[in-house]
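Student: build the 3D model from these lines:
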Amino acid sequence: MKADKHMQIPIVSLPRRIPVLPDRKPQENIPQTRFERERLKHLVAGFVDANSARLVPPLVLDELRIAAEDVVRLAGVDPLYTDYVAVLLNNEVWREQLATVPYGRRLLLLPKCLRVEDKCPAPFDEFGLLCKQCGLCTIQDLQEEAEKLGYAVLVAEGSALVMALIQTGKIDAIVGVSCLSVLERAFPYMEAAAIPGIAIPLLQDDCKDTGVDIEWVWDVIHITSEDKTRRLDLDTLRTEVQSWFVPASIEALLGPADGESDRIARAWLARAGKRWRPFLTVCAWKALQDDLDAPVPESLKKLALAVECFHKASLVHDDIEDGDLERYGENALHVEHGVPVALNCGDLLVGEGYRLIAESGAPAAVQSRLLAIASRGHRTLCLGQGAELCWMRDPRPVSSLDLLQIFRQKTAPAFEVALQMGAALAGGGEDLLRILASYSEALGIAYQIRDDIEDIDGSGGRPSLPLAVAFERAKGENKAALERVWRRRQAASPVLIAEFAGQRCNELMESYKEAAVRSLAGLDNASLKGLLRRVVGKIFQVEIKGWCSEFEARNAASRPAVAEAVG
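Tutor: Below you'll find the predicted structure:
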């Protein structure tokens, strides 16, 4: 797909984008939103964990159906999704065994209907489609990545062919993408061979120009026992990090407050926030440890707190500079206490961040690296914010390319500092820090694009990517109207901006998310690579809280009935 002349994306080795396909009929018995698919996977994982004694692979079809009906009944899932839940159950019971199979002993089976049929130049032979690497569909990206890992890859349908490959003794596990009906027909062959298999159902059932949850496939093909973090509960870890930002924990790490300004600054630090940045610091450190269950050291807590101090300080200053009156649904700090006090508290938090690094207890050489990481990030962020402020003195249309450069300077450094500090504390080398910089750049840009999409009318008072894209694509009176919006002479029209920019901005966000994952290709540490891949999904998905605990409570209450049902 050719990019617009104004939309060349400044990221090296950006993955190919999928063209807009014709309207496709969804499979009615498969959830079409990522939130619902993630919710069901979460439920199934909790069910399998709670019933591991009886859910031992290979499960026969009757066992799967009974277990799927249990999940549907106990968790209040729409019975329409029973077959889909059965697939998820089978995936979950095989997941750990699949992880132990070397990549070179696995088969990735893709359906030919993922191609854009009317434009696909690839021929077929007796083994299936021979991809011509035209970049029109997802097949090339998935095949290239899987083969690079060592997989055998087939783009074909047919259980007989798969069974023949299993019988050669060269395939010990299968990752398969297909529609539910084909998966159901293939299940007896998989069960008879007792071979680990994970299936990802297609989202459409038209057998032409279909689609699949790419992030799900990407995650599954990379599963490996070398990744010690693959079973790490990221929600629990994030909850632990959140607990460090209550007033008592802040005081334990910073010492007693010293005057009113200190108390105001600490109250702001404890105020609501997603804590993604300190969470990333902990993730980077934890993935580099031999013992994942080792307690988090005080030095890491101080670095995580320092990262949040820098972030909260930047928010105080941003709100003043941008004229924003609210933050987290409450009055901004300068509205509550006045501009002079807010400026001072922001400066105080910057100082506290550097003090925490200096007092972290890290060895002198490591401490020097940490200070260098923080100061570089601080400088780059100010340059990005400065570019925005210069625009605000003379509001005018900004190209999407220039705006992405602002994102690169303003948003990405906070992610980079967070990850690099955690890795540096764990002893990571410079090569690792460079990979984390590339990952953070793409992740930070994607994160800012999402914020702009959510604020698509540009009411935040700063240059907006949807507005930039819409202006570049509009013509005539629409372009004139959008220019007046840029110059603050007219209120924005969310409908008009979404019409010209909504789809393209979503494509850009997905591209940078994929670029973040691809930037990890040179990372040798399987645990860190796996964890950072999952972090992308965690940051960009709708949060799911309490499903496992809710399910386990219901499951415990009805366990006698379930036991009786299965004999």
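Student: residue 201 reaches residue 87, doesn't it?
Tutor: Yes - between residue 201 and residue 87 there is a contact at 6.0 Å, judged by Cβ atoms under 8 Å. All C-beta atoms are positioned from the backbone trio N, CA, C, and that covers glycine.
Student: shared neighbours, those two?
Tutor: Common neighbours of residue 201 and residue 87, counting by Cβ atoms under 8 Å, 6 or more residues apart in numbering, are 180, 183.
Student: show me what secondary structure element comes after the lengthiest helix in the chain.
Tutor: When the chain is parsed with DSSP state H, its longest helix is helix 364-393. Per DSSP states H and E, the first helix or strand lying C-terminal to helix 364-393 is helix 400-410.
Student: taking helix 364-393 as reference, get the angle to that following helix.
Tutor: 140 degrees (axes from the mean of the first three to the mean of the last three Cα atoms, to 10 degrees).
Student: quick one: buried residues of helix 400-410?
Tutor: Neighbour counts over helix 400-410 (16 or more other Cβ atoms under 10 Å) mark 400, 403-410 as buried.
Student: next secondary structure after that helix?
Tutor: helix 412-425.
Student: chain center to that next one: distance?
Tutor: How far helix 412-425 lies from its chain's middle: 17 Å, per Cα atoms, centre = their mean, to the nearest Å.
Student: just checking, what packs against that helix?
Tutor: Packing contacts for helix 412-425, counted by 3 or more Cβ pairs under 8 Å, 6 or more residues apart in numbering; DSSP states H and E, involve helix 276-287, helix 298-322, helix 364-393, helix 430-454.
Student: of those helices, which is nearest residue 83?
Tutor: helix 430-454 (32.8 Å; Cβ to Cβ).
Student: the closest one packs against which elements?
Tutor: With contacts taken as 3+ Cβ pairs under 8 Å, 6+ apart, helix 430-454 sits against helix 400-410, helix 412-425, helix 465-473, helix 494-518, helix 526-540.
Student: got the buried residues for the fourth one?
Tutor: The one in question is helix 494-518. Residues of helix 494-518 classed as buried by neighbour count (16+ other Cβ under 10 Å): 496-498, 500-502, 504-505, 507-518.
Student: how is this structure divided into domains?
Tutor: As assigned by automatic domain parsing, the chain contains the domains 34-225+550-566, 235-361.
Student: for the last one, how far is the first residue from the last?
Tutor: Same thing as domain 235-361. Domain 235-361 has its terminal residues 28 Å apart, counting by Cα to Cα, to the nearest Å.
Student: just the mean pLDDT for it, thanks.
Tutor: Mean pLDDT, domain 235-361: 93.
Student: next one: it to chain centre, how far?
Tutor: Offset of domain 235-361 from its chain centre (Cα atoms, centre = their mean): 23 Å.
Student: can you give me the buried ones in stretch 77-90?
Tutor: For stretch 77-90, the neighbour count (16+ other Cβ under 10 Å) marks 77, 81-90 as buried.
Student: want to throw the domains of the chain into JSON lines with distance to residue 452?
Tutor: Below are the domains of the chain laid out as JSON lines (distance: least, Cβ to Cβ, whole Å):
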{"stretch": "domain 34-225+550-566", "distance to residue 452": "20"}
{"stretch": "domain 235-361", "distance to residue 452": "14"}
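Student: how about those, which one is nearest residue 471?
Tutor: Among those, domain 235-361 comes nearest to residue 471, with 20.3 Å by Cβ to Cβ.
Student: out of the helices and strands packed on helix 430-454, which is closest to residue 232?
Tutor: helix 526-540 (6.9 Å).
Student: tilt between that closest one and helix 430-454?
Tutor: Using the same axes, to 10 degrees: helix 526-540 against helix 430-454 is 10 degrees.
Student: can you dump the C-alpha atoms of stretch 331-348 in CSV for me?
Tutor: The C-alpha trace of stretch 331-348 is given here as CSV (Å, rounded to 0.1, in the frame of the first residue of the first chain):
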residue,chain,number,x,y,z
ASN,A,331,-9.1,20.6,38.8
ALA,A,332,-5.6,20.9,37.5
LEU,A,333,-3.0,21.7,40.1
HIS,A,334,-2.6,25.3,38.9
VAL,A,335,-6.3,25.8,39.1
GLU,A,336,-6.4,24.4,42.6
HIS,A,337,-3.4,26.2,44.1
GLY,A,338,-2.5,28.9,41.6
VAL,A,339,0.2,29.0,38.9
PRO,A,340,3.2,30.0,41.1
VAL,A,341,2.6,27.1,43.6
ALA,A,342,2.0,24.6,40.8
LEU,A,343,5.2,25.6,38.9
ASN,A,344,7.1,25.2,42.1
CYS,A,345,5.6,21.8,42.9
GLY,A,346,6.4,20.6,39.4
ASP,A,347,10.0,21.7,39.8
LEU,A,348,10.1,20.0,43.2
